[in-house]
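In: sequence first, predicted coordinates after that:
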Amino acid sequence: RCHHSDQEYLDAGATVSPAGDDKVWSSADLLVTIHCPTRQQVALIEPGAVLIGTLAPLKHTDVVHDLAERKVTTFSTEFIPRISRAQSMDVLSSQANIAGYRAVILAAEHASNRVPMLMTAAGTIAPARVFILGAGVAGLQAIATAKRLGAIVEAYDIRPEVKEQIQSLGARFAELGEKKDASAEGGYARELSDEEKQQQAEAMARYIANADCVITTAAVFGKAPPMLVPADVVERMRPGSVVIDMAADPDAGRGNCELTKPGECYTTSGGVVIDGPTDLPSQAAVHASQVYAANMIAFINEILVEKEGDDAGAELKLNLEDEIQKGAVSTNAGEIGNERVKNAQGGGA
């Protein structure tokens, strides 16, 4: 909850529709959402309207087809290119930053021991050991948060260039002996081959078994998350250990951990807590909403221009030759506007 009352929206000049009133979808030229609308909601959107949000078009192919048929121009913010000019619009990074923080707090809540070292007359309590898989935005924030809590942190990523970033935050980079570069275009990690996955899993098993908390963040854009923590490795973890699987994917039925149940938290027969949250940013809703709104304002400013003359206000002015708009567009003028989305549709709508 963001704790904003309806009155605050009214005072800001907005109109508040009753909960469940889908007619709001037919009342705007420009619609901003968080997740993908339903097919019923799409049927209410006026042709020619613009829809912006984290729409996951590679998964919701039926909705994308409907949006194209209704000639709605849609921008999927997860496709905004990672270039300097678009940093203020980077929804994935802003939400991953919050998710990485919340994952560590969640791990600390589930853990059976305290995180920082404690020296008392009764003896010294060793700090918790935290192992983080993946050092993208979420992973780096998880490293920083775990270090602030006083944990001993080890982290791993298949991209060798992030080693210095991991070390700069005070964590140890886990050396698993890879020789090949696993970076992909746009700052993401590429998908590993089956042989690379097997070698990686075997090498990291000892790090996982030695950790009090394991946080996994590895995702491959548009595909099922790589399976990095097999069930037999979980069995080697100590009772009271915790796995927070940030890659939990309901469509895949798991996350990076073989035993993850997306959307559930449970304890294995061996006493290991496995939590597969599917919407971590919502657990810090105030700031998640704040940065999402800032991302949306930055993007909307790219497609709005002030009207000339005496008329107040602004008007939509799309420029699909622009790098940002071209990268983010999913549908326009009745067609699929993004090659990846078109491929997911089997060639087009």
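Out: Okay, I see it.

In: could you use CA atoms for every contact and neighbour count after this?
Out: Will do.

In: any chance you could map the helices in the stretch 201-349 of the chain?
Out: 231-234, 285-303, 323-328, 339-344 (DSSP state H, counting those that start in this stretch).

In: what residues sit buried inside the last one?
Out: When you say that, I think you mean helix 339-344. For helix 339-344, burial by neighbour count (16 or more other Cα atoms under 10 Å) applies to 340-342, 344.

In: kindly export it (C-alpha atoms) in CSV.
Out: Output of helix 339-344 as CSV, limited to C-alpha atoms (Å, rounded to 0.1, in the frame of the first residue of the first chain):
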residue,chain,number,x,y,z
GLU,A,339,10.6,-8.0,-33.7
ARG,A,340,10.8,-10.0,-30.4
VAL,A,341,7.1,-9.6,-29.9
LYS,A,342,6.4,-10.5,-33.5
ASN,A,343,8.4,-13.7,-33.2
ALA,A,344,6.4,-14.6,-30.0
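
In: what's the neighbour count on residue 314?
Out: Residues lying near residue 314 (other Cα atoms under 10 Å) number 13.

In: before we move on, what about residue 233?
Out: 18.

In: from what I can see it touches residue 208, true?
Out: Yes: using Cα atoms under 8 Å, residue 233 is in contact with residue 208, at 7.4 Å.

In: low-scoring stretches of the stretch 151-300 of the chain, by residue?
Out: 177-192, 197, 201 (pLDDT under 70).

In: and the strands in it, which stretches?
Out: 152-156, 172-173, 213-216, 242-245, 265-267, 273-275 (DSSP state E, counting those that start in this stretch).

In: dump these to JSON lines, plus distance to residue 336 and mean neighbour count.
Out: Compiled in JSON lines, the strands of the stretch 151-300 of the chain are given as follows (distance: least, Cα to Cα, whole Å; neighbours: other Cα atoms under 10 Å):
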{"stretch": "strand 152-156", "distance to residue 336": "37", "mean neighbour count": "24"}
{"stretch": "strand 172-173", "distance to residue 336": "42", "mean neighbour count": "19"}
{"stretch": "strand 213-216", "distance to residue 336": "33", "mean neighbour count": "30"}
{"stretch": "strand 242-245", "distance to residue 336": "33", "mean neighbour count": "29"}
{"stretch": "strand 265-267", "distance to residue 336": "38", "mean neighbour count": "15"}
{"stretch": "strand 273-275", "distance to residue 336": "37", "mean neighbour count": "25"}
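
In: any chance of TSV for those strands, columns distance to residue 140?
Out: Converted to TSV, those look like this (distance: least, Cα to Cα, whole Å):
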stretch	distance to residue 140
strand 152-156	9
strand 172-173	12
strand 213-216	11
strand 242-245	15
strand 265-267	24
strand 273-275	20
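
In: which one of the ones you listed lies closest to residue 54?
Out: strand 242-245 (20.9 Å; Cα to Cα).

In: what lines up beside the closest one in the sheet?
Out: strand 213-216 (parallel), strand 273-275 (parallel) (DSSP bridges).

In: what's the closest of those to residue 195?
Out: Of the strands paired with strand 242-245, the one closest to residue 195 (Cα to Cα) turns out to be strand 213-216, at 20.2 Å.

In: and the contacts of the closest one?
Out: With contacts defined as Cα atoms under 8 Å, 6 or more residues apart in numbering, strand 213-216 is touched by 103-104, 107, 111, 128-134, 139, 208, 241-247, 256-257.

In: got it, and stretch 284-304?
Out: Against stretch 284-304 from outside (Cα under 8 Å, 6+ apart): 1-3, 32, 88-91, 94-95, 98, 102, 281-282, 314-319.

In: how far does stretch 102-122 stretch from one end to the other?
Out: Separation of the first and last residues of stretch 102-122 by Cα to Cα, to the nearest Å is 32 Å.

In: what residues sit buried inside that stretch?
Out: Buried residues in stretch 102-122 (16+ other Cα under 10 Å): 102-108, 110-111, 114-116.

In: same check on stretch 278-291?
Out: So for stretch 278-291, counting by 16+ other Cα under 10 Å, buried means 278, 280-284, 287-289, 291.

In: also stretch 318-331?
Out: For stretch 318-331, using 16+ other Cα under 10 Å, the buried residues are 324-331.

In: for the residue positioned nearest the centre of the chain, give me its contacts.
Out: For the chain, residue 96 is the residue whose C-alpha lies nearest the centre (Cα atoms, centre = their mean; 4.9 Å). Going by Cα under 8 Å, 6+ apart, residue 96 touches 137-138, 281.

In: got the contact list for the residue nearest to residue 28 when sequence neighbours are not counted?
Out: Once flanking residues are discounted, residue 28 sits nearest to residue 49: 7.2 Å by Cα to Cα, 6 or more residues apart in numbering. Contact analysis of residue 49 by Cα under 8 Å, 6+ apart lists 28-31, 71-73.
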